[in-house]
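Novice: Coordinates for the following, if possible.
(2 chains)
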Amino acid sequence: MFIYSLSGLELKDTGQQAVEIEENETTARSATYQVFGRFFAGADDEHYEMATSDQWTKEFATAVELLSFDFDPGSAPSADSVSKDDYLAEFARVFQGTPAIIIAGSHFDDAEQNLAEVVRFYEYFGLQAGDESDRPPDHLGTECDFMQFVTFKEAASPSERLAGSYRRAQLDFHDRQLSLWIPGFTEKVSAAGTLDVFNWAAEHLAAFVAADHAHIREVTGG
Amino acid sequence: MTSGAPRTGSDNRYRQRWAWDSVAWGTHCVDCYPGNCSYRVFTGDGTVRFEEAAGTFAPVEPGVPDKNPMGCNKGAAWSRQLDNPDRITTPLKRVGPRGSGEWEPIGWEEALGILAGSIIDTIETAGPQAVLHEGTPEMTTVVPTHRFMNLLGGTITDFNATTNDFNVGLHITFGKYSPVSSVDDWFHSDLILVWHLNPSFTRIPHAHFAFEARYRGAEVVMFAPDYNASAMHCDLHVPVEPGSDAALALAMCQVILEEGLEDKEFVAEQTDLGLLVRDDTGRFLRESDLDPDGRDDQFFTLAKGIEPHQVLNRAGRGSLKPELPVRLEGSMEVTLADGSRVDVRPVISLLREHLDSAYTPEAVAGNCGVHPDTIRNLARKVAANRTNVLFGAAASKYYHGDLIERSLCLLLALTGNWGKKGTGIRSWSAGMFDGPAIAMAKAQPGVEGTEAVIMGLEMLAAAQKAADPTATDEIASEGLTRLATQMVPPFFHWWANTGYRERWTKEDWHDPSMPRPFESLVEEALDAGWWEGTTKMLSSGPPRVLIECGGNMLRRTRGGRSIVLEHLWPKLDLVAVIDQRMSATGLNADLILPAAQHYEKIDFHIPTPHLMHLTFSDRAQAPAGEALTEWELFARLAEALATEAQRRGLESYKDANGVAHRYDALWSAYTLDGHYADEERLADEMLRDSAQTGALPEGTDLSSARRQGHIPFSGWGILPYAKAQASPFPVGETHTPYRNHVEKGDPYPTLTRRAQFYIDHPWFLEAGEALPCHKEPPAMGGDHPLKITSGHCRWSIHRMNIGNRLLLQTHRGTPHAVVNPDDATARGVSDHDEIEVFNATGGFVVRAKISPSVRPGQIIVYNGWESYQFPGWRGPNEIEGGMVKWLHLAGGYGHLNYTPTAWQPATVDRATRVDFRPAADSWTTTTTEEG
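Specialist: Numbers count the residues shown, from 1 in each chain, chains lettered A, B, ... in the order given. The predicted structure follows:
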């Protein structure tokens, strides 16, 4: 059974019940975004533990199992050559600093406009930035959360028309967010000369976003 | 951006005037129909400097001109109104007597407190239905006013009863008036009949499609009493007597039938002319005549049997495609359920007799002033060509406008001229942008709220179809319009609370065929239950609070200020006017609340199939002074109501329908728990909702609107106006309505499910109007020699731009009446003299503009002037007839039941009888026909 789990976003309608559904090819997409979301949400002790115990590899392998398109995350390089403190510092240097910041607005000409657009996107699909979250709404982890949510809602939709609405939302979010800035972001990570595991995550995120974009374009005819 | 060397002095100031640092999309969200021009609005230091027509519309169909540039003089000068002297920038409270012009600026808290207090007083003493808003099509005000009034339980009157823009004759014929072709479809016409329209004045951005059609060989004919500004672009000007158009059109029909030029297949399939009528009663033969258990709405045609026999055939209700060929000739004897026998024959047989007896070209030439040879030539041209009636909103403003419109529809029916490229007749339509309707219907924001609304509509439509399996999507949707409307016809309010009762009971101002006194007919209509559910204001007493927003009652009310000022105003505890600028109604209000101008808020133009794109207008600058958007204003009013109710210890009340409302819940209901408090979010929600229905392209949101400015529609969406187009959604081609009827045989939403030219309602039979006919305009205004016709002017959208100083410099800059030189000479009047135009209802003083373009006996005062621009604040509506046609009180007959904006009594003004004379020096005294 699969259930979504948001960290940067929360449901606007708190009365909504969490729903568990059978795993399938769509929940596999949701699960993959969930793992990428967790990876890029921020680094902490657990993040480091997972990077040194091959746990990221296992989580991705489980998530992608039912995907209907080709995407092989392979094995995450181990981070056991660096200390936890260095690991956390490097994450902050690369992703929270200038080399490859994981805030979408920084990759667009008009960051303010992009932020407003993202927030309206979330709101129309029943989400809002979490009160407890210190991440901006256009943080990569939060954008992955959104994709996790709308793919899950597609899978859980009571009607085909509503499922179509969620599919179109995914396509639109690809067209206007992820597929626009993730390729450039990945190049910046590569140029930053950082840990292999960070490079690996960025490269595979780009590959997954591209494959998922192609998939959703095909199923929506978009 | 400006460039070049720095300059100094006036040269520099002038250049700075045109410098900008930011550009936004803009349009003018008023009922400039079809409008939808897209502008680039240039701002410098946060202030709008100027605007330019965008000119960014892509071509639609190869070989057809594009829509660019789309704009006009008004649009290009719109920014001049932002700081015009008539602009209102702070709430004003009346401190002298009403109409004294004595005001005190006050803050919003006090202003809204006054209005909230008066509304609560009214609710507690008379009920919320005594809070009145006169409906208006002004796009920018419709959503907030309807939202607020609906949540309050107030009364919104049906705006078309006041404007009378929508052609009721089209509704009588087709069961709908709103199918319109896209403006570029006019280019496909071979023959364009411009009728009751002056496109060079009122369709400036779109007229070129008709005139450019001449380059591919089309002929353009203008029918108008005067040689108007559009006539010079036409091949032929046919100067008809005012109000005689039905006679002319019916004579053309007579020629077509006499010469056998009619399209028999089209007539038999698309119209009721093949349906059988009983000779004894003059009513259609119904199934219930033949079988006591039969339907009242099942009709019959003649079909060819084995020679020499013919058979009675059921006319299909679910499809126009007949199983047996319809015979348009002959008659038959049938046996009724009671055993009696009657002769029946098709409508077209009655029509031939009707036309031959009274409508030969020679017979009507005296009525309409058109030579018989001209009539014959025109009739043959219509029969031989793809013909388009480029129709305006003037015909409906004649007392017998319905007959004019029905006659024109008949002309097109006989010649097969609708449902094909370059054909048809146009009126007004909205639709497609269904986001506002969905957003307002939602119980929760977002996509799942949208889904719930769409599913609800689908279930209702399915229920309608289950009740009538022959109903198409269009017919099921049309039924929902009646269920869902928030408006009521104002007729019964006017009858009870205004000076119209005195006016309408003048029997000699009605048509001579009115069979009984008007009061008796009102009683009959009420007793018959034809208007049940629409008369709540009649039973609950007069309104107490008037909220005027987007309208201007004192300028617009036909019949003059006395109709409302003398009769309604004393009954009102409070008149609140929400407006961008001072208006005639504002001058007589108790409270004036300043509204943001179009460049100061986010909004959209009226969406219409005429243009097939949604036009966006952004907030290019902050509202002037303390002005608020209408949306925010009503949100604050909802808060003020809760505050005032709490102060008084009040919690809830019930409306006229028994629905409970809580004062402290109004704001959260209005804003959907705060979700719509942010107007950017509201606009975004509306756009996304429309994308959900497919009316707008996938992914459309506020950001895309900001990028594109105008967004081509991608589907019809879910609204009845759009479904009434009854055509496939056009992709890469112009839009032509009615194609589903003509190509697929989909039925029309009329009683007979056909384009209906025979109305066998007892009142229509009694009036002699079962078939289209010509009747002279009645002598509204008294026995005077001149007829006033009017029309929209070139310099203003209604009164919106009438005070624009730049536009005032492009003409005489003052109200004027256009009169014929002979009429002027006979009365000793020279050009630019002040004249008094008068009749039995009053008069007004205006400058004479003498022009041979106006025919003798005609006088034109173009629409739009504020009454305060005339001496004594008396404008042209003082002498307007303001009558309603008694026959439009009929109901209980298929599509002739109250239908929002389509079927109800509406006031008229055209061809009101007047005279004029040189103005006396003492023009400020009361002017009547007695002098």
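Novice: measure the residue of chain A found nearest chain B to residue A:183 for me?
Specialist: Nearest residue of chain A to chain B, counting by C-beta to the nearest C-beta: residue A:172, 4.0 Å away. C-beta coordinates here come from the backbone N, C-alpha and C atoms, glycine included. Here residue A:172 is placed at a distance of 18 Å from residue A:183 (C-beta to C-beta, to the nearest Å).
Novice: ok, residues contacting the longest helix anywhere in chain A?
Specialist: Assignment by DSSP state H gives helix A:196-220 as the longest helix of chain A. With contact meaning C-beta atoms under 8 Å, 6 or more residues apart in numbering or on different chains, helix A:196-220 is reached by A:29, A:32, A:36, A:39-40, A:51, A:56, A:60, A:68-71, A:73-74, A:76-79, A:90-91, A:94-95, A:100, A:147, A:164, A:167-168, A:170-171, A:174, A:178-179, A:182-183, A:185-186, A:189-190, A:222, B:698.
Novice: Could you turn the buried ones of those into a ChimeraX selection?
Specialist: To isolate the buried members of the contacts of helix A:196-220 in ChimeraX, using 16 or more other C-beta atoms under 10 Å in any protein chain shown:
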select /A:29,32,36,39,40,51,56,60,71,73,76,77,78,79,90,91,94,95,100,147,164,167,168,170,171,174,178,179,182,185,186,189,222 /B:698
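Novice: Name the SS class of residue B:548, please.
Specialist: Three-state call for residue B:548 (DSSP: H, G, I helix; E, B strand; the rest coil): strand.
Novice: which residues does the closest residue to it other than its chain neighbours bridge with?
Specialist: Leaving aside its chain neighbours, residue B:548 sits nearest to residue B:577 (4.7 Å; criterion: C-beta to C-beta, 6 or more residues apart in numbering or on different chains). On the basis of DSSP bridges, residue B:577 is bridged to residue B:548, residue B:592.
Novice: Next, count neighbours for residue B:577.
Specialist: Residues near residue B:577, counting by other C-beta atoms under 10 Å in any protein chain shown, number 28.
Novice: you'd agree it is up against residue B:584?
Specialist: No: with contact defined as C-beta atoms under 8 Å, residue B:577 does not reach residue B:584; the gap is 9.9 Å.
Novice: and the end-to-end length of stretch B:721-741?
Specialist: By C-alpha to C-alpha, to the nearest Å, the extent of stretch B:721-741 from end to end equals 16 Å.
Novice: is chain A contacted by it?
Specialist: No: using C-beta under 8 Å from any C-beta of the partner chain, we find that stretch B:721-741 stays clear of chain A, coming within 14.8 Å at best.
Novice: thinking again about what came up before, just list the residues touching the residue nearest to residue B:548, thanks.
Specialist: Residue B:577 neighbours (C-beta under 8 Å, 6+ apart): B:548, B:549, B:583, B:585, B:586, B:589, B:591, B:592, B:593.
Novice: Look up phi and psi at the spatially most central residue of chain A.
Specialist: What sits nearest the mean C-alpha location of chain A, by C-alpha atoms, centre = their mean, is residue A:144, with 2.4 Å. Per-residue torsions, residue A:144: phi -70, psi -40 (degrees, to the nearest 10).
Novice: Touching, it and residue A:37? I think so.
Specialist: Yes: taking C-beta under 8 Å as the definition, residue A:144 is a contact partner of residue A:37 at 3.4 Å.
Novice: quick one: residue B:613 and chain A, what's the gap?
Specialist: Using C-beta to the nearest C-beta, to the nearest Å, residue B:613 is found at 20 Å from chain A.
Novice: wait, residue B:255
Specialist: Counting by C-beta to the nearest C-beta, the gap from residue B:255 to chain A is 53 Å.
Novice: same deal with residue B:870?
Specialist: Counting by C-beta to the nearest C-beta, the gap from residue B:870 to chain A is 49 Å.
Novice: Pull the contacting residues for that residue.
Specialist: By C-beta under 8 Å, 6+ apart, the residues touching residue B:870 are B:815, B:844, B:845, B:846.
Novice: now the chain, which segments are flagged as low pLDDT?
Specialist: Using chain A here. Within chain A, the segments meeting pLDDT under 70 span A:1-4, A:13-18, A:131-133.
Novice: my bad, the chain I had in mind was chain B
Specialist: In chain B (pLDDT under 70), the answer is B:1-7, B:538-539, B:921-931.
Novice: Residues of it that sit close to chain A?
Specialist: Residues of chain B lying close to chain A (C-beta under 8 Å from any C-beta) are B:444-448, B:450-451, B:454-455, B:675, B:680-681, B:684-685, B:688, B:691-692, B:698-699, B:701-703.
Novice: wait, is the residue of chain A closest to chain B part of a helix?
Specialist: Yes: the assignment for residue A:172 (three-state DSSP) places it in a helix.
Novice: need the contact list for it.
Specialist: By C-beta under 8 Å, 6+ apart, the contact set of residue A:172 is A:121, B:698, B:699.
Novice: Near the closest residue to the first one other than its chain neighbours, how many other residues are there?
Specialist: If the residues on either side of it in the chain are set aside, residue A:121 comes closest to residue A:173, at 6.5 Å by C-beta to C-beta, 6+ apart. The local packing of residue A:173 (other C-beta under 10 Å) involves 22 other residues.
Novice: try residue B:35
Specialist: The local packing of residue B:35 (other C-beta under 10 Å) involves 25 other residues.
Novice: And residue A:169, by the same measure?
Specialist: Per other C-beta under 10 Å, the neighbour tally for residue A:169 reads 26.
Novice: State the phi and psi torsions of it.
Specialist: According to degrees, to the nearest 10, residue A:169 has phi -60, psi -40.
Novice: I'd like the distance between the residue of chain A closest to chain B and residue B:444.
Specialist: 21 Å.
Novice: longest helix anywhere in chain B?
Specialist: Counting residues, the longest helix found in chain B (DSSP H) is helix B:447-467.
Novice: what's the angle between the next helix or strand after that one and helix B:447-467?
Specialist: Note on helix B:447-467: by DSSP states H and E, the next helix or strand toward the C-terminus is helix B:473-484. Per axes from the mean of the first three to the mean of the last three C-alpha atoms, to 10 degrees, the angle that helix B:473-484 makes with helix B:447-467 is 110 degrees.
Novice: Return the set of buried residues in helix B:473-484.
Specialist: Buried residues in helix B:473-484 (16+ other C-beta under 10 Å): B:473, B:474, B:475, B:476, B:477, B:478, B:479, B:480, B:481.
Novice: of these, closest to chain A?
Specialist: Closest approach between these and chain A, by C-beta to the nearest C-beta: residue B:473, at 16.0 Å.
Novice: quick one, what contacts the closest one?
Specialist: Shown in contact with residue B:473 (C-beta under 8 Å, 6+ apart): B:461, B:723.
Novice: Kindly report the same for residue B:625.
Specialist: Shown in contact with residue B:625 (C-beta under 8 Å, 6+ apart): B:89, B:90, B:594.
Novice: thinking again about what came up before, who's in contact with the residue nearest to the centre of chain A?
Specialist: Counting by C-beta under 8 Å, 6+ apart, residue A:144 makes contact with A:33, A:34, A:36, A:37, A:40.
Novice: cutoff 7 Å now
Specialist: By C-beta atoms under 7 Å, 6 or more residues apart in numbering or on different chains, the contact set of residue A:144 is A:33, A:36, A:37, A:40.
Novice: So which of those are in helices?
Specialist: Among the contacts of residue A:144, the members found in helices (DSSP H) are A:33, A:36, A:37, A:40.
Novice: List the contacts of the third one.
Specialist: For residue A:37, the contact set (C-beta under 7 Å, 6+ apart) comprises A:141, A:144, A:145, A:148.
Novice: Which one (most neighbours) among the residues you listed?
Specialist: Counting neighbours by other C-beta under 10 Å, residue A:145 leads these with 30 neighbours.
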